[in-house]
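Trainee: how would this look folded up:
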Amino acid sequence: MIFAEHIAKSYGRDDVLVDVSFAIGESERVGLVGPNGAGKSTLMEIIAGAEQADAGRAGARGGDFGFLQQEAGLDPDRPLVDELWTAFPEAHAIEADLTQISHDIESGNGDLDELIERQSALFERFEALDGYRIDQRIGRVLAGLGFAPEDRLKLCGAFSGGWQMRAALAKVLVHRPPNLMLDEPTNHLDGGSRDWLALELSEYKGAVLLVTHDTEFHDVVVNRILELKDGRIESYTGNYSDYQRQKAEKIAALDRAAARQDREIARQTRFIERFRAKATKATAVKSREKAVARIDRVEREREVRGVSFELRAAGRTERDVLKVSGLGHTYGDNIVLAGVDLEVERGQRVVLVGPNGQGKSTLLKIIAGKLEQTEGRVRWADRARLGYYDQHQDEALEAGRTVLEEVRSVAGDQPDSALRAILGRFLFTGDDVFKPVSVLSGGERSRVALAKFLIEPSNVLLLDEPTNHLDVASRRRLIQALEGYDGTVIIASHDTAILERVATRVYHVENGDCVELEEYRKD
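Mentor: Sure thing, here's the model as predicted:
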């Protein structure tokens with residue numbers, strides 16, 4: 001069971017959590033939702049013991065728990081399979097002891113009877129820990145998350161940031177603890193791996209607390225929703241769609257109750273004003289004034305602030321914006337792209353899809369001029385002004401800078417007043433602009449990275465997984481802005497809303513090829 005009892009947490013004058021209480025029982029799969037910066041990651045860290053609450057207590061009962069954070073935390077010099085074995089410390093230690101005992105027996109070191117007795121006891125304990133099936137479990141989870149068999153022996157540091165997060169997720173899943181907390185597990189998964197994870201979690205027997213902005217994933221996996229808003233928790237039964245319906249009904253009921261109350265207060269106020277000067281009505285007036293003063297006002301639901309994206313092309317390009325001819329790229333012996341041809345015209349919105357690790361990000365980096373191709377040619381229109389957003393752009397932020405300093409680093413001679421106005425559209429208002437980058441949530445860092453990206457003028461947007469880490473409201477507004485953008489867009493994304501609403505051309509990138517999917521074509 002995962003629990004929180006009267007948790008409170010503040011940072012300076014900012015009350016992040018206020019009297020938060022809930023319990024998640026065995027076989028409950030609970031989605032934790034709320035806007036970026038609401039305190040979801042902070043709450044999970046308090047439950048895990050990585051952060052100290054100001055008041056209350058939280059944790060897990062009925063066994064240990066696994067916790068996937070937004071940072072991988074892997075040993076870069078350890079092979080992937082060895083890193084996953086560290087999820088089983090006792091079994092791992094027994095394996096090492098058995099190897100040593102076997103060596104001692106072969107070499108004749110020590111008392112043979114004692115060594116054999118010790119070996120037998122270790123074999124029994126290893127079997128009790130299900131140690132003989134650990135390699136099988138590791139292989140199944142790695143395959144489900146898209147790792148190739150040869151990846152098992154690669155050093156963790158050799159993987160990209162997205163694949164390291166997959167490895168961290170695999171490390172949690174192979175352990176199969178009775179309590180499981182996952183913070184944004186789907187951010188770096190392609191469609192196949194996301195479907196596999198959804199099935200894995202749907203069949204999970206323990207308590208699960210899940211944070212993700214992927215509402216479709218929530219719909220498949222969870223059977224309860226906890227909404228964290230204004231520092232407080234409210235529980236809703238069912239999946240995300242059920243939560244949306246119940247939430248809408250609650251808002252409508254509050255609006256009706258508030259309207260009734262407003263009408264009653266207005267009626268009483270009219271009576272008070274009409275008869276205030278009449279001595280014969282003084283007692284009745286006084287009584288009604290006291291009654292109005294004692295009314296506990298019904299509070300309407302406050303609308304969640306959302307990011308305001310203003311996407312406007314800086315100037316007009318020629319009709320033929322981009323021509324890619326015979327493009328190829330290799331990493332060592334690994335052929336990622338082979339003979340790719342691609343033509344993009346002004347105003348088109350091109351979406352690149354396909355499994356992770358098949359070259360979508362590499363193709364974007366090459367056409368953005370961030371990576372030199374092995375062969376082939378990239379030709380841009382003369383008036384094309386590129387804006388490039390890397391899916392790991394938030395990781396490149398300087399932890400020691402404030403939000404304002406980070407944006408100022410790319411703003412040229414723009415005054416701070418203009419920068420603060422821009423940051424206000426990204427929900428950084430007042431003293432928020434002086435927050436150090438190091439204390440920001442993943443969603444907040446993404447908003448800073450997007451603000452930096454959009455400050456620089458461009459008429460061609462190159463975007464790699466731009467909706468990762470964004471909350472539901474911010475994701476929706478970004479997609480709306482991309483739909484109405486008057487320039488040219490090339491996006492690598494697994495987001496189905498981008499595929500369905502933004503794309504006018506879709507290309508599938510896999511096995512070195514980049515092939516247009518005609519069924520998505522919009523002329």
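Trainee: Pull out the buried residues from stretch 48-65.
Mentor: Residues of stretch 48-65 classed as buried by neighbour count (16 or more other C-beta atoms under 10 Å): 48, 53, 56, 58, 60, 65. Yep, even glycine has a C-beta here, placed from its N, CA and C like the rest.
Trainee: Between which two of these is the distance greatest?
Mentor: Distance extremes for these: the farthest pair is 56 and 65 at 18.0 Å, using C-beta to C-beta.
Trainee: can you give me how far whichever helix or strand residue 264 is part of is from the chain middle?
Mentor: Per DSSP states H and E: residue 264 is located in helix 240-275. The chain centre lies 36 Å from the centre of helix 240-275; the measure is C-alpha atoms, centre = their mean, to the nearest Å.
Trainee: model confidence over that helix, on average?
Mentor: Average pLDDT, helix 240-275: 91.
Trainee: about what we covered before: which ones among the buried residues of stretch 48-65 lie within helices?
Mentor: Per DSSP state H, helices hold the following members of the buried residues of stretch 48-65: residue 48.
Trainee: Among the buried residues of stretch 48-65, find me the one that's closest to residue 188.
Mentor: So of those, ranked by how close each gets to residue 188 (C-beta to C-beta), first place is residue 48, at 20.8 Å.
Trainee: how about whichever helix or strand comes after the helix holding residue 264: buried residues?
Mentor: Scanning forward in sequence from helix 240-275 by DSSP H and E, the next helix or strand is helix 282-294. By neighbour count on 16+ other C-beta under 10 Å, the buried set for helix 282-294 is 285, 288.
Trainee: quick one, helix 282-294 and helix 240-275 angle?
Mentor: Helix 282-294 runs at 160 degrees relative to helix 240-275, counting by axes from the mean of the first three to the mean of the last three C-alpha atoms, to 10 degrees.
Trainee: Now helix 282-294 - C-alpha only, CSV.
Mentor: What follows is helix 282-294, C-alpha atoms only, in CSV (Å, rounded to 0.1, in the frame of the first residue of the first chain):
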residue,chain,number,x,y,z
ALA,A,282,-34.8,47.4,11.7
THR,A,283,-34.9,44.0,13.4
ALA,A,284,-35.6,42.2,10.2
VAL,A,285,-32.9,44.1,8.3
LYS,A,286,-30.4,43.4,11.1
SER,A,287,-31.3,39.7,11.1
ARG,A,288,-30.9,39.4,7.3
GLU,A,289,-27.5,41.3,7.4
LYS,A,290,-26.2,38.7,9.9
ALA,A,291,-27.6,35.9,7.8
VAL,A,292,-25.8,37.2,4.7
ALA,A,293,-22.6,37.6,6.6
ARG,A,294,-22.7,34.0,7.8
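Trainee: Which stretches in the stretch 101-250 of the chain count as strands?
Mentor: Counting by DSSP state E, counting those that start in this stretch, the stretch 101-250 of the chain has these strands, from start to end: 179-183, 207-211, 224-229, 232-237.
Trainee: What strands line up against the first one, and which way round?
Mentor: Pointing back at strand 179-183 there. strand 65-68 (parallel), strand 207-211 (parallel) (DSSP bridges).
Trainee: Residue 434 and residue 402 touch, don't they?
Mentor: Yes. Between residue 434 and residue 402 there is a contact under C-beta atoms under 8 Å: 5.0 Å.
Trainee: Show me the shaky parts of the protein.
Mentor: Along the chain, segments meeting pLDDT under 70 span 303-306, 393-395, 523.
Trainee: any chance you could read off phi and psi for residue 441?
Mentor: phi -70, psi 170 (degrees, to the nearest 10).
Trainee: Of all the residues in the helix holding residue 264, which ones are buried?
Mentor: 240, 242-244, 246-247, 268, 271-272.
Trainee: quick one on the thing from earlier: okay, residue 434 and residue 402: which has more neighbours?
Mentor: Higher neighbour count among residue 434 and residue 402: residue 402, with 18 against 11, using other C-beta atoms under 10 Å.
Trainee: contacting residues for the more buried one?
Mentor: Taking C-beta atoms under 8 Å, 6 or more residues apart in numbering, we find residue 402 in contact with 433-437.
Trainee: would CSV of those with distance to residue 132 and secondary structure be doable?
Mentor: CSV is the format used below for the contacts of residue 402 (distance: C-beta to C-beta, whole Å; DSSP: H, G, I helix; E, B strand; the rest coil):
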residue, distance to residue 132, secondary structure
433, 56, helix
434, 56, helix
435, 50, coil
436, 48, strand
437, 46, helix
